[in-house]
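>>> 3D model of this:
(one chain, ligands or ions: 4)
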Amino acid sequence: MIDLHTHTTASDGTFEPRRLVNAACEAGLEALAITDHDDVQGYEEAAGAARDNGLDLVCGIELSTRLPRTAGRRGKSVHILGYFLDAPPSESFRAWLKQIQDARRDRNRRLVERLRDLGVGISLEEVQEIGRNMTGRPHFAKLLVRKGYVSSYQEAFDVYLDESAKAYVQRLEPSVPEGIWRIRSGNGVAVLAHPIRLKVRDPDEEARLIRWMCDEGLQGIEVHHPDQAPADELRYLAAAEKLGLAVTGGSDFHGDLKPQVKLGTGTGSLAIPREVLDRLRDSVRA
Ligand code: AMP
Ligand code: FE
Ligand code: FE
Ligand code: ZN
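Numbering: from 1, shown residues only. Ligands and ions are numbered 1, 2, ... in the order given. The predicted structure follows:
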């Protein structure tokens, strides 16, 4: 078994990169991809430990991108996974990642102000103590729970942090096509993460959207993910076949941030065979 979607403390996971490698070995995984949000530092830190333990470690990333505006409304958020990126990344890819990270930091400052205006007594220092150099909304959510402003992680998003919630502030995000070409120019394979989260109710419209991304250079689709039911998997498998997209899957492990999701098995039923990675690799060579 393998897991192609995991996060470390280099983004919003709670396992240090080396600890994640150990956990993967203990879980009997043959291969692991580290796909931190907007960074590859977790992979770089884990590479040595993986080599020592004979774990096939893939350099991945998960980029937050945006669809174009429609009908005057801000486009939806889309997560694009990248696999087999050059490690270390090129100077230009690294500089681009830094731009994204800076935009998040700037957003964090404005988010603290917005929350304080709403009577939530938190400081940037407090939230950065949790999230360190990759502080994001998940760390804000943790802090809001810890300080008793909400009773759960999800409530923090529902009431304050979600795009539709009262404290939300925008940040600069790359477009979907830019995310795809940046990954490809870093020698990576661009894969649509958890398509169910696009929340397109009409299957035909969903298929059109995936086709558009395909025309923009998308190379794969995450068919297996804890949020996706068997019927969803079948629909995404069919889309993959029709559009010639590679199939991937992973647990989206975040450690204690999402304790119900386990490495490798997700919420219980995930079981991704080694062949998925072999085929993904073959699709690059083809
Ligand atoms: P950021 O990049 O700092 O804006 O944080 C984005 C992350 O917050 C995403 O990758 C999700 O893990 C999480 N997130 C965003 N919206 C929600 C939501 N409505 N419910 C739970 N988690 C969310
Ligand atoms: Fe995350
Ligand atoms: Fe994601
Ligand atoms: Zn993820």
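
>>> got the contact list for stretch 62-74?
For stretch 62-74, contacts defined as C-beta atoms under 8 Å, 6 or more residues apart in numbering pick out 5, 7, 11, 35-38, 75-82, 100, 163, 170, 173-176, 178-179, 182-183, 193, 209. In this view, the C-beta of every residue, glycine as well, is placed from N, C-alpha and C.

>>> again with stretch 115-122
V112, F140, L143, L144, K147, Y149, Y160, K166, A167.

>>> quick check on those residues: which are buried?
Listed as buried from the contacts of stretch 115-122 are V112, F140, L143, L144, Y149, Y160, A167; burial here means 16 or more other C-beta atoms under 10 Å.

>>> near ligand 1 too, which of the contacts of stretch 62-74?
Intersecting the contacts of stretch 62-74 with the contacts of ligand 1 gives H37 (criterion: C-beta under 6 Å from any ligand atom).

>>> just the buried ones from the contacts of stretch 62-74?
Counted by 16+ other C-beta under 10 Å, those give 5, 7, 11, 35-38, 76, 78-82, 100, 173-174, 176, 178-179, 182-183, 193, 209 as buried.

>>> among these, which are in strands?
By the criterion of DSSP state E, membership of the buried ones among the contacts of stretch 62-74 in strands covers H5, V78, H79, I80, L81, G82.

>>> mind listing the strands for the protein?
Ranges of strands in the chain, per DSSP E, are 2-6, 31-34, 56-66, 77-83, 189-192, 220-224, 246-249.

>>> where does the residue lying farthest from the centre of the chain fall, phi/psi-wise?
Residue farthest from the centre of the chain, counting by C-alpha atoms, centre = their mean, is G119 at 30.7 Å. Torsion angles at G119 (phi, psi; degrees, to the nearest 10) stand at phi 90, psi 10.

>>> let me know the distance separating it from ligand 4.
The spacing between G119 and ligand 4, counted by C-beta to the ion, to the nearest Å, is 31 Å.

>>> any idea how far that residue is from ligand 3?
30 Å.

>>> same check on Q101?
Taking C-beta to the ion, one finds Q101 at 17 Å from ligand 3.
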